[in-house]
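**Student:** Here's a sequence, model it:
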Amino acid sequence: MTRTGPELDSGAFWKRIIASTLEEGIPEKWQESTFEGRSPLAASFLEQLPAGARVLDFGSGIGRNALALARRGHSVTVCDVADEGVQFSLEKAREEELAVAAAEFDGWTVELPDAAVDGILAWSCLDHVTLEWATELAAELSRVARSGALLLVSFDEDKSDDPDSDCELLDDGTHHYTSGRRAGMLFRPYSNDEIKGLFAEEWELLEFEGDDVSVPRRGLFRRT
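**Tutor:** Model (predicted):
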């Protein structure tokens, strides 16, 4: 159980989504990695990573980004609340003899030592928890990053308008879906300033893209 209570355990939603996706077949959009021309900041992240970097793929899903990074010679650690996705990632990595390992993650804490990684990818995951939860996760990412490490984050556009799913609005602005295909999902639309504010204390902003909540916003940061 998470500290938000079982009714706000978005991990259950993602476990269901990952399990059904693996059972029914992975859609094409889930097979293409972030590093295949989707974002100039992703290219900057790759260019600035040291050779053979230790990278944490936080909220790794089925591992499409972790595998892409490992194919480039990096040593990647995956973590996700959906164990099915983590195991799928590890199996694929073993088939290709890639350097991918897993870290235990209970929704709040990553089982890695302090200053353990040279880079972190947190792609479309921190906006699927409440603001308080995201603030704690941002601090956890800061803990496991060494000084000078890179952080690439992506926050989705506002997806609250879904005719198939009802949602309630929480006090912090988070959408909690209560019915339909998104039942159990949390999504919080972030302003650009809020995104930057999550990392303001311990990270230097290098690049940022995206104007407002109607489009994905991406940020590239360096650990101070």
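
**Student:** any idea where the helices of this structure begin and end?
**Tutor:** 10-24, 28-31, 40-48, 64-71, 83-96, 131-144, 192-198 (DSSP state H).

**Student:** May I have the longest one exported as PDB, CA atoms only?
**Tutor:** The C-alpha atoms that make up helix 10-24 are tabulated as PDB, following Å, rounded to 0.1, in the frame of the first residue of the first chain:
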ATOM      1  CA  SER A  10      -1.900   4.300  -9.400                       C
ATOM      2  CA  GLY A  11       0.600   1.400  -9.400                       C
ATOM      3  CA  ALA A  12      -2.400  -1.000  -9.700                       C
ATOM      4  CA  PHE A  13      -3.500   0.800 -12.900                       C
ATOM      5  CA  TRP A  14      -0.100   0.500 -14.500                       C
ATOM      6  CA  LYS A  15       0.300  -3.100 -13.500                       C
ATOM      7  CA  ARG A  16      -3.000  -3.900 -15.200                       C
ATOM      8  CA  ILE A  17      -2.100  -1.900 -18.300                       C
ATOM      9  CA  ILE A  18       1.400  -3.500 -18.700                       C
ATOM     10  CA  ALA A  19       0.000  -7.000 -18.100                       C
ATOM     11  CA  SER A  20      -2.700  -6.600 -20.700                       C
ATOM     12  CA  THR A  21      -0.400  -5.000 -23.200                       C
ATOM     13  CA  LEU A  22       2.100  -7.900 -23.000                       C
ATOM     14  CA  GLU A  23      -0.800 -10.400 -23.300                       C
ATOM     15  CA  GLU A  24      -2.500  -8.700 -26.200                       C
END
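
**Student:** which helices and strands sit right next to it?
**Tutor:** In terms of contacts (3 or more C-beta pairs under 8 Å, 6 or more residues apart in numbering; DSSP states H and E), helix 10-24 is packed against helix 83-96. Backbone N, C-alpha and C define where each C-beta goes, glycine included.

**Student:** my guess is residue 142 contacts residue 222, does it?
**Tutor:** No. With contact defined as C-beta atoms under 8 Å, residue 142 does not reach residue 222; the gap is 11.7 Å.
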